[in-house]
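> After the sequence you'll find the predicted model.
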Amino acid sequence: MHIDLIMSALLKVQGTLTEPNLRGMADDDCGGMCSTIPLVTLGSARPLTGSHQLKKLTIPFAFIFGFHEPVDPTLLVDCLPYNLEYLTLTDDLYEEKAGYVAWNECAYTGAVVSWLVNIKTYCPRLKRLCMSFMSNQYKQDKTRKDLPYRVLRKQLQALAREAGIEFGDVADCELKFPEPGWEPEGTNGGKE
């Protein structure tokens with residue numbers, strides 16, 4: 001993935017860009033070779049830090065951290081704009097990545113925990129953080145409360161609450177925290 005090309009396109013509208021929704025997916029048309037071609041990221045999402053008008057961002061973990069480990073928590077500081085208010089980190093490309101390297105949810109979640117510790121320094125206007133958790137898609141032993149991803153998720157919830165930030169899973173974030181002016185379909189905003 002050429003992150004630099006994506007960032008270059010965004011820089012052209014940087015002065016007016018307020019709500020980019022960046023998504024990622026591998027091309028299915030690879031002649032049966034998809035599982036043998038490793039995904040790599042080229043470049044960096046660092047140019048986003050100069051997007052001072054940007055208020056709401058949806059971006060895959062892979063666009064910020066790439067596919068290598070260890071996951072560097074400073075990349076969130078380096079890539080996210082100061083004025084950001086709403087952040088959604090997605091697991092786009094997980095299916096593609098899962099074929100090559102095991103998804104390390106704890107590494108990504110741990111990086112976000114490290115970033116949230118000083119969130120008021122890095123993104124003081126952040127109001128909402130939504131994240132994808134791949135572990136939600138698997139039937140885990142619900143009796144075990146000590147699984148690493150559960151411990152990290154609890155830390156995220158506590159840090160977000162302490163900072164006054166709404167926090168949730170991408171799957172239910174929009175329903176739990178609708179934006180001002182949002183009305184469910186078919187309600188006509190309560191007007192007859």
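Perfect, I can see it now.
> Least confident secondary structure element in this structure?
Lowest mean confidence among the helices and strands of the chain (mean pLDDT, DSSP states H and E): helix 94-98, at a mean of 57.
> Next secondary structure after it?
For helix 94-98, the succeeding helix or strand toward the C-terminus, using DSSP states H and E, is helix 105-117.
> helices or strands up against that following helix?
Here helix 105-117 touches helix 61-65, helix 74-79, strand 128-131, helix 148-163, going by 3 or more CB pairs under 8 Å, 6 or more residues apart in numbering; DSSP states H and E. Glycine gets a C-beta too; all of them are placed from N, C-alpha and C.
> Which one of these lies nearest to residue 54?
The closest of the helices and strands packed on helix 105-117 to residue 54 is helix 74-79. By CB to CB, the value is 11.3 Å.
> Okay, buried residues for the closest one please.
The neighbour-count check on helix 74-79 (16 or more other CB atoms under 10 Å) flags 75-77, 79 as buried.
> Averaged pLDDT, that helix. What do you get?
For helix 74-79, the mean pLDDT works out to 90.
> which regions of the protein lie under the pLDDT threshold?
26-38, 94-103, 133-147, 149, 172, 174-192 (pLDDT under 70).
> let's see 50
Across the chain, the ranges flagged by pLDDT under 50 are 100, 137-139, 181-192.
> from memory residue 45 sits against residue 3, does it?
Yes: using CB atoms under 8 Å as the test, residue 45 is close enough to residue 3 to be in contact (5.8 Å).
> joint contacts of the two?
The overlap between the contact sets of residue 45 and residue 3 (CB atoms under 8 Å, 6 or more residues apart in numbering) consists of residue 63.
> So between the two, which is more surrounded?
Counted by other CB atoms under 10 Å, residue 45 and residue 3 do not tie: residue 45 has more neighbours, with 26 against 21.
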